[in-house]
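K.L.:
Need coordinates for the following:
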Amino acid sequence: MLNAQSGKVTVLGSGVALGVYIPALLVDYQFRKLGLDSETVILENYYTGESLEKLKAYKKAYHNNFSVALMGHRMTKDVSPNLDENLVNHLLQTWQRDNRLNFVVWSGLWMPILEKYRTKIFPQKLNLDICRIDADISATFKIHQDSDRDYEEVWLWNWEQKRLIYEIPVTEQPPIPYTHRSNRCVIHGGGWGIGTYQKRISELEEQGICLDIIAYYVDEVAKQSNHRYFMVDPDWFPWIKNSKNLHEFPPFGEVTDLNNKNFQTKEENHCFYDLARQSKAIISKPGGGTLIDSLSSATPVILLEPYGYAEEKNAAIWEYLGYGISYEKWKATNYSFKILEDLHHNLLNKRSLIHYPQHYANKLLAVSCKV
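P.N.:
Just a heads-up that it's a prediction; the model follows:
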């Protein structure tokens, strides 16, 4: 471990979207591999039971109707009324007892809690890294822009600057050469299975394109098909810890029917990534988690309709940099795999980026050496 003076690192994520849950777990794992004392805390652990049940209902509604999901995104608001005050107060007491000062924040929904904690520990200062998973300030942070700006912004990609800055490598394995990959594309709708991806499956099937489809419910699995189906264990929730009292990557695996489910999870990264790195392309809405997978595996993204304004910017920067192509433009090329291979090579030839977990560890080590 680093010098104790550097302090424990608290990685703040949320289960409301796997695009902020999985990156939190990735950096937490890599921090610990680098010798940091690190812990992931998921916001929904501090919801009331009633609020959690409502969240489950929203997930189902958003999956079933993308218009409802888009309306919900436009209505993003402070979740403080959903929180259990006693649980939050106990959390803040624990942080204060441990003298927690180092926080890596992936969801803006944590900002009111951090402001409350900042008041409790004054005049000590927090060391906050605010991580931008999107190419614009995402909705959960935008609703809390009046919060204290005493933090460091960590942009993975920034549309205004038209560039990538930091990266979170999912694994240390190099990308698989394009010619060695299976002749398939993976298609999904993010952690909640939202968007227009299901409408594209029949079109692609007509073109003879084999798909690895990420289903959301078992009844979405077609029994007779050239496609393969995978899914996250429907009984798993991000806010429930495993037998080791740790948050884990989503249990994931291939599904053929109700009785044939083989869900697995790993300590170091999400199992979906292993599928994505073997694919010719990821067909998906442009969520931040998808872009992390794309960048790390050099797998191009065929961009479906975005979920809100921030994902619009994600799509824009991926097209601008030559790492992705909109579905409609790809369709206009008669579904060319040669174009996808060109995008793959663009990803391979990307300029050097800042390795965020290593950068953060170096930063804390520099602080501890000064003490």
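
K.L.:
Could you list the low-pLDDT ranges of the stretch 1-150 of the chain?
P.N.:
1-6, 69, 73, 146-149 (pLDDT under 70).

K.L.:
thinking S80 is in contact with E115, fair?
P.N.:
No. With contact defined as Cβ atoms under 8 Å, S80 does not count as touching E115 (10.5 Å). To be clear about C-beta, it is placed using only N, CA and C from the backbone, and glycine gets the same treatment.

K.L.:
T179: what secondary structure?
P.N.:
helix (DSSP: H, G, I helix; E, B strand; the rest coil).

K.L.:
if I look at it, how far off is G322?
P.N.:
20 Å (Cβ to Cβ, to the nearest Å).

K.L.:
likewise T299?
P.N.:
In terms of Cβ to Cβ, T299 sits 14 Å off from G322.

K.L.:
likewise P123?
P.N.:
49 Å.

K.L.:
Between these two, tell me which one has more neighbours.
P.N.:
G322 (15 against 4; other Cβ atoms under 10 Å).

K.L.:
Can you verify my assumption that the more buried one contacts N346?
P.N.:
Yes. Shown here, G322 and N346 form a contact pair, counting by Cβ under 8 Å, at 4.1 Å.

K.L.:
For the stretch 251-371 of the chain, just list every one of the helices.
P.N.:
271-276, 288-297, 309-320, 327-332, 337-348, 356-370 (DSSP state H, counting those that start in this stretch).

K.L.:
Go through the ones you listed and pick out the most buried.
P.N.:
Of the helices of the stretch 251-371 of the chain, the one with the most neighbours on average (mean count of other Cβ atoms under 10 Å) is helix 288-297, at a mean of 24.

K.L.:
Figure out how far that helix is from the centre of its chain.
P.N.:
Relative to the chain's own centre, helix 288-297 is displaced by 9 Å; criterion: Cα atoms, centre = their mean, to the nearest Å.

K.L.:
what packs against it?
P.N.:
Judged by 3 or more Cβ pairs under 8 Å, 6 or more residues apart in numbering; DSSP states H and E, helix 288-297 is in contact with helix 18-33, strand 166-167, helix 271-276, strand 282-284, strand 301-303, helix 309-320.

K.L.:
and the second one, which strands flank it?
P.N.:
Same thing as strand 166-167. Next to strand 166-167 in the sheet, as set by DSSP bridges, lie strand 354-355 (parallel).

K.L.:
Then the fourth one?
P.N.:
In the sheet containing strand 282-284, its partner strands are strand 184-187 (parallel), strand 301-303 (parallel), by DSSP bridges.

K.L.:
What lies in contact with that strand?
P.N.:
In this structure, residues lying in contact with strand 282-284 by Cβ atoms under 8 Å, 6 or more residues apart in numbering are 185-190, 195, 197, 200, 204, 211, 276, 290, 293-294, 299-304, 327.

K.L.:
The first one now?
P.N.:
In this structure, residues lying in contact with helix 18-33 by Cβ under 8 Å, 6+ apart are 9, 11-15, 38-40, 42, 104, 106-107, 131, 133, 168, 170, 190-192, 238, 247-250, 267-270, 287-290, 292, 356-357, 360-361.

K.L.:
now swap in the second one and tell me
P.N.:
If you take Cβ under 8 Å, 6+ apart as the criterion, strand 166-167 is touched by 154-156, 292, 295-296, 353-356, 359.

K.L.:
could those be laid out in TSV, adding pLDDT and distance to E50?
P.N.:
Listed next are the contacts of strand 166-167 as TSV, based on pLDDT from 0 to 100; distance: Cβ to Cβ, whole Å:
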residue	pLDDT	distance to E50
V154	97	34
W155	97	36
L156	98	35
I292	97	33
L295	97	39
S296	97	38
L353	96	43
I354	96	42
H355	97	42
Y356	98	36
H359	96	40
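
K.L.:
nearest to D84, of these?
P.N.:
V154 (29.4 Å; Cβ to Cβ).

K.L.:
That closest one falls within a strand, correct?
P.N.:
Yes. Counting by three-state DSSP, V154 is located in a strand.

K.L.:
what bridges to it?
P.N.:
Assigned bridge partners for V154, using DSSP bridges, are C131.

K.L.:
circling back: including distance to I283, could the contacts of strand 166-167 go into CSV?
P.N.:
Shown next, in CSV, are the contacts of strand 166-167 (distance: Cβ to Cβ, whole Å):
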residue, distance to I283
V154, 28
W155, 26
L156, 21
I292, 16
L295, 17
S296, 18
L353, 25
I354, 29
H355, 28
Y356, 27
H359, 32
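
K.L.:
Among those, which one lies nearest to G72?
P.N.:
I292 (23.4 Å).

K.L.:
contacting residues for the closest one?
P.N.:
Here I292 is in contact with 22-23, 26, 156, 167-168, 170 (Cβ under 8 Å, 6+ apart).
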